[in-house]
Every structure is written in C-alpha cells, then in structure tokens.
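Novice: next come a sequence and a model predicted from it.
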Amino acid sequence: MALCVSAPPFASPSSMSSLSVLPNLFWCKRSWATKLHFSLAKSPSKLDLQLGFSFSSRNGRQAYCCLITENPSQAPPNIDTEPHKYFDQVVIVVRSGDGGQGVVLTMPSPATETKQKRGSKSEASATVSKRNRKKGPLKRGPDGSLLLPMGGQGGDVVIVADDGTDSLLDFHRKRRYTAKRGSNVDAMGSLLSAHLQDGVSAPSLRVHVPVGTVVKRKRGGKFLADLASPGDEVLVARGGRGGISIVEIPKTNRRHLRPINAPVMTEESDKALIKGMPGEEVTLELTLRVVADVGLVGLPNAGKSSLLAAVSLAKPEIADYPFTTLMPNLGQIGGDPGGLDGGFALGPTVADLPGLIKGAHLGKGLGRMFLRHLRRTKLLVHVVDAATEDPVQDYNILREELQMYNPEYLIWPHIVVLNKLDLPEAQLKFPLIKEQLLRQPIPSHLFSDNARKNGVHAGVDHDELTSFKLQGNKSMLQNLEEDCEGLSGIAENSANSYPAPIAVVGISALRGLGVLELLMETRVALQKLGPQSQTSKHNRNPKPESFKVPQWRL
Ligand SMILES: Nc1nc2c(ncn2[C@@H]2O[C@H](COP(=O)(O)OP(=O)(O)OP(=O)(O)O)[C@@H](O)[C@H]2O)c(=O)[nH]1
C-alpha cells in the first residue's frame, strides 16, 4: 500500500463544487485498496476546500472519499466575521422558574395537641408558647381554615431595555435563559412545627436588551412589547406557582378527626399536589430598531460616517472603500452652535446606516434590511457625493431603493447633503445640482401602476415574500409587512404630491465646511416636526405611527 499526497485523481478545480454535492463516502474492502491518496485541495476561486483521500483498487477503479468539505458560500455565516448579519435580530428561548415544593405535614393526634398546649410552659421556647396561648398552635385564616405553607414562586423572566447595551449580538452566543426555581417549604413534618413558613420566591430574571428592541413571540408572531425607552420592560414568562402543603392524618387517629378546613391527603397520589407548577418556556424573537431622530442614508463612500463624526462625538470607522459601515452607528448631537438658543437642550440622535446601492432590493451589497432602522427616525438626511459623475442620478438611485423598501420613506421629510465640496469638481457642479434637486419632479417610474401591482412597491420583493412564505416564517413576514405599513395611502398619492427636499446643503464633512448650516436646517426641521421628535437618552419614545408627515415645500 502506498501513501502519498496528491490531488484527488478526478477532482479538478472546476469539478470541486460538483464533488461536494456527490455522496462523498465510498466503501471498499481493505484488500481492494492498493493506494491511498491524501489530498488537501483548494479551487483557484478559494471557494471550496476539501480534505479527503482516494482509493485505487487493483482493477483500476478509483473512489474518492471526502472527509471535510468547506464551501464558504454555503457554510453558515460566522458571527464574529459577519456581525452585521446578527446584531439586530435573534431568537431566544426563555424559561421561568418552577415553583418550589410544598410539604406533607402530619396532623397531630388530639392528645398530642392538648399535651403540647399544656406542656408549652415547660418547653424551651417561651416565645412560641406565648404565641400559642394567644392564637393556638396552628395558624388559621379569618375563616378558621388552616394556613399551610406554600412552596416559593418560581422566578419570572423580564426583558428590559438597557441604555448600556447596543446590539443583540451576545444573544447569538447565549440563546437560553432560565430563571431560578422557588425554594421548597423548609418545614419539619408536623403541623405543629413552629417554623412553618412559605418557601422563598425566586428573583425575576432580567434580560437586558438594547433600547429600541421589539419583542415578539416566535410562535404566531404575537407582539409583546416595543421597548423604546430606557427602563421599559415586559414580563415574558411568569414563574410557576409554589406547591401547596397537605395534611396527612395517621390512620389510628382518624376517628378522632375533627373536620378541618385544609387540603388533606387521602391517598398516596395526593402527594403530587405538593409539587410546584412548572415554569413557562417561551421562544421569543427580538428585533432591534435603532432609536434615532435623524437617519443618514446614502450610497457607499458618500461620506455618511464622516458626517456623523463631524456633527457628533461618535467615532465611526471611515475608509475609502465601500461598505465600511456594516451596522448603524449612533451619535448624539451635543448642541448646535448655530442655534438661536445656543444649542439643543436634548441633542437629537443621528444614525449612520450602511451604504445602499442600486439593486439593494435584490440583495445586492448589504441588501436593504437594515433600512428597518429608519422606521423610528423623523428626518432623513440623504448624503450624496457631489464629486461623482452624476450626483442627481445617485440621489435618484437612493430614492428608488428607499421606495422599493417602503414608499412611506419618500414622504418622510428629508434634507439632501451634497458632500465633498472641498473638491474643485464638486464645487463647480454644486449650484446646478442644487437647482436640479430642488426642482426636479420625482421620477414617475417610481410610482408606475405596474410597480405597484407586482408588489415591489411594498418594500417586499416577490422573492423575499415567497421564500418567507415557503419557510413558513410568519413573524419575518409580519415584520416586513409592518415595515410597509401605511403603504395603501401612499400608493394613492400622485407623484406631484411627493415632497422635494426641505433643503439642499453643500458641505465638506472632512473639512467641517457647511456643517453649521446643516445643523441649522436639521434643527429647524426637527422643531417643525414637534418637540417630541427630539429624542434624548431620557426621552426616547418616538411614535412614527402617530407622526404626521408635513408636506414640505420650498
Ligand atoms: N475630499 C473629501 N473626502 C471625503 C469627505 N467626506 C468623506 N470623504 C472620504 O470619503 C471616503 C468615504 O467616507 P465614509 O465616511 O467612510 O463614507 P460612508 O458613506 O460612510 O461609506 P460606507 O461606510 O461605505 O457607506 C473616505 O475616504 C473619506 O475620507 C469630504 O468632505 N471630502
């Protein structure tokens, strides 16, 4: 038998992908194998990596056995390398605590009870005897019924919005949360025991999620809460009730039994009553919707992150390659130096979203699911690179992709920022582009009947809908449909009623030029939208549903 390292005999790089889908294991008798080839093969595209060995039998037949097939295109994405696919959605399982156990207590015979009453003085515990003299040895309720101790209540599970948490990533690493069980009744066997106390209830398990998390039941997609403000909380699983205690009466004393008003053990199976109720297990879908007043949208490299860095203390990653931003970055404008009252009291929050590209609705680039984070914003800022060949077209691509996701975003008040005005070519074009953007009608094809009918307008393309339907993923479907609320009214609007930008501002985010003017425009717009639109760390509760979109006209 020869052992050598070689490429598998029939695994050319081009055939690698087909190999990985073939049944990879071939059994052969040991005696048939004359050669054993170990191979570590990688296709030139670096898409497939296989580790395997091949057998050559005496009669010339060959078989290839693949031990490991690694095809990153099919392999599940890695949470550490692709966190943006995980940070805003997760499914977790929570379980409340079981109730603690009650106890089986023995009923003392009347003789013992009397003896205990008489002999109480001679007993060590003076306190107990005093109490017994006043109330009798047994605890009774107002109606005379015996009060028996209960097992402790199991811990509830509460989801709470926490300012200190900013993504749902950690929940992918730990998906199961279980509250503690209530403690058992800690009593000795006699009903006359001086220490008959309820079991201790377990504390609630508080699961901290980022502010802006929407909590739904996975099964049925039932909405439970929108935790839009810090400290908002929702009880998602109630702890099990503690078990009751029961009284066991010795057979010999049954004839002396006075009727007692308490659960009595009549047969062995009654012991099951002392068991506490089990806790609830619930599967939850958590979806994070960033809470911000202003959403920055734009094509990749337009300078959104640079703008966020220029107007806030946020330190987003900035680089001259597309898709530097993979997850929304949040920044808070600390004050507007250009403001008449010396700045914002609350400081609006700005969200910098990943870049959108043409075809994002078909899944190109990072897709457009992150646009769900615009839902709570009051004002959109379209960031356009004024130094490109056709900034007006870039702006239209942006509007089109927004419209494909949710046409409601077209009537959202927006400011256009023409960035990179420090570059001479951008400076030259600026007056003309500004004029065009303020005057140009919204392209009619965005509102064509055809587009409306085939459902693309709904922000849910057919492929997406069909795949969710096929997978039976009701809650995802519901999410998408929710994101597209308000569509019907908008679809009826005529193209003319879609608002032009509130303002077109030229800036250089890199040099800080024009930033003051932008802050002024933002401030005025937010003020017109009402004081509730300015969210702060302590006042984050925007309600897009109740928000009336003004018809901005210049
Ligand atoms: N000349 C000039 N360059 C700028 C300006 N603003 C941003 N840039 C550059 O443009 C490139 C992209 O900037 P980013 O802020 O990362 O752009 P982005 O829109 O956040 O990009 P994505 O994360 O890909 O969406 C960087 O090299 C910046 O230095 C500007 O005002 N003038």
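Specialist: Alright, I've got the coordinates.

Novice: all contacts plus neighbour counts: C-alpha atoms, from now on.
Specialist: Will do.

Novice: up against the ligand, what does this protein have?
Specialist: Residues of the chain lying near the ligand by C-alpha under 6 Å from any ligand atom: 300-306, 318-320, 322-325, 354-355, 419-420, 422-423, 508-510.

Novice: report the buried members of those residues.
Specialist: Of the members of the residues of the chain next to the ligand, the ones counted as buried by neighbours, 16 or more other C-alpha atoms under 10 Å, are 300-306, 318, 322-325, 354-355, 419-420, 422, 508-509.

Novice: just the ones of the residues you listed in strands?
Specialist: residue 419 (DSSP state E).

Novice: flag the shaky bits of this protein, pLDDT-wise.
Specialist: 1-77, 80, 84, 108-138, 187-195, 251-260, 334-346, 440-498, 530-554 (pLDDT under 70).

Novice: domains in it, by residue range?
Specialist: Domain segmentation of the chain under automatic domain parsing yields 2-70, 84-111+138-287, 289-536.

Novice: each with direction, which strands does the helix or strand hosting residue 234 pair with?
Specialist: For residue 234, the host element (DSSP states H and E) is strand 233-237. According to DSSP bridges, strand 233-237 forms sheet pairs with strand 157-162 (antiparallel).

Novice: give the next helix or strand downstream of the partner strand.
Specialist: Heading C-terminal from strand 157-162 (DSSP H and E), you reach helix 169-173.

Novice: run through the helices of the chain in chain order.
Specialist: Counting by DSSP state H, the chain has helices at residues 16-21, 110-118, 126-135, 169-173, 304-311, 391-405, 408-411, 424-439, 449-453, 462-471, 474-483, 487-492, 515-528.

Novice: who's in contact with residue 359?
Specialist: Applying C-alpha atoms under 8 Å, 6 or more residues apart in numbering to residue 359 gives the contacts residue 401.

Novice: swap that for residue 205, sorry
Specialist: Residue 205 makes contacts with 96, 155, 156, 157, 158, 178, 179, 180, as judged by C-alpha under 8 Å, 6+ apart.

Novice: bridged to it, which residues?
Specialist: residue 157.

Novice: returning to that earlier point: can you tell me which of the contacts of residue 205 is nearest the ligand?
Specialist: residue 158 (35.7 Å; C-alpha to the nearest ligand atom).

Novice: quick check: that closest one touching residue 203?
Specialist: No. In this structure, residue 158 is not within contact of residue 203 by C-alpha atoms under 8 Å, at 10.6 Å.

Novice: who's more crowded, the two?
Specialist: Between residue 158 and residue 203, residue 158 has the larger neighbour count (other C-alpha atoms under 10 Å), namely 20 against 17.

Novice: from residue 360, how far out is that one?
Specialist: Taking C-alpha to C-alpha, to the nearest Å as the measure, residue 158 falls 37 Å from residue 360.

Novice: ditto for residue 367
Specialist: To residue 360, residue 367 is 4 Å away according to C-alpha to C-alpha.

Novice: and residue 281, what is it in contact with?
Specialist: 93, 94, 95, 96, 237.

Novice: contact partners for the last one?
Specialist: Residue 237 makes contact with 94, 95, 96, 156, 157, 158, 279, 280, 281, 282, according to C-alpha under 8 Å, 6+ apart.

Novice: tally of neighbours for the fourth one?
Specialist: Using other C-alpha under 10 Å, residue 156 has 29 other residues around it.

Novice: could you do the last one as well?
Specialist: Residue 282 has 17 neighbours, counted by other C-alpha under 10 Å.

Novice: please apply the same query to the fifth one.
Specialist: Other residues near residue 157 come to 29 when the count uses other C-alpha under 10 Å.

Novice: I figured it hits residue 96, correct?
Specialist: Yes. Contact criterion C-alpha under 8 Å: residue 157 and residue 96 qualify, at 5.6 Å.

Novice: next, show the common contact partners of those two.
Specialist: Common neighbours of residue 157 and residue 96 (C-alpha under 8 Å, 6+ apart) are 178, 179, 205, 237, 238, 239.

Novice: isn't the second one right next to residue 97, touching?
Specialist: What it means is residue 179. Yes. Counting by C-alpha under 8 Å, residue 179 does reach residue 97; the two are 4.7 Å apart.

Novice: anything in contact with each of those two?
Specialist: With C-alpha under 8 Å, 6+ apart, residue 179 and residue 97 have common neighbours 154, 155, 156, 202, 239.

Novice: right, and residue 103 touches residue 244 too?
Specialist: Yes. Using C-alpha under 8 Å, residue 103 is in contact with residue 244, at 7.1 Å.

Novice: contacts only, for the closest residue to residue 398 other than its chain neighbours.
Specialist: Leaving out its chain neighbours, the residue that sits closest to residue 398 by C-alpha to C-alpha, 6 or more residues apart in numbering is residue 298, at 6.5 Å. Each residue near residue 298 by C-alpha under 8 Å, 6+ apart is listed here: 304, 355, 356, 382, 383, 384, 395, 398.

Novice: bridge partners for the fourth one, pull those for me.
Specialist: When you say that, I think you mean residue 382. Bridge pairing for residue 382 - DSSP bridges - gives residue 297, residue 416.

Novice: circling back: check the contacts of residue 205 and tell me the two furthest apart.
Specialist: 158 and 180 (12.8 Å; C-alpha to C-alpha).

Novice: ok, residue 511 touching residue 422?
Specialist: Yes. Residue 511 is within contact range of residue 422, at 7.3 Å (criterion: C-alpha under 8 Å).

Novice: burial check on residue 529, number of neighbours?
Specialist: Counted with other C-alpha under 10 Å, the neighbours of residue 529 add up to 18.

Novice: any idea how far it lies from residue 242?
Specialist: 52 Å.

Novice: same check, this time on residue 333
Specialist: 51 Å.

Novice: repeat for residue 197
Specialist: The value you get for residue 197 to residue 242, if C-alpha to C-alpha is used, is 12 Å.

Novice: residue 499 is in contact with residue 413, isn't it?
Specialist: Yes. Here residue 499 reaches residue 413: they are 7.5 Å apart, a contact under C-alpha under 8 Å.

Novice: quick one, which of the two is more surrounded?
Specialist: residue 413 (23 against 20).

Novice: what would the contacts of residue 205 look like in JSON lines with distance to residue 86?
Specialist: Shown next, in JSON lines, are these (distance: C-alpha to C-alpha, whole Å):
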{"residue": "96", "distance to residue 86": "25"}
{"residue": "155", "distance to residue 86": "29"}
{"residue": "156", "distance to residue 86": "27"}
{"residue": "157", "distance to residue 86": "23"}
{"residue": "158", "distance to residue 86": "22"}
{"residue": "178", "distance to residue 86": "22"}
{"residue": "179", "distance to residue 86": "25"}
{"residue": "180", "distance to residue 86": "28"}
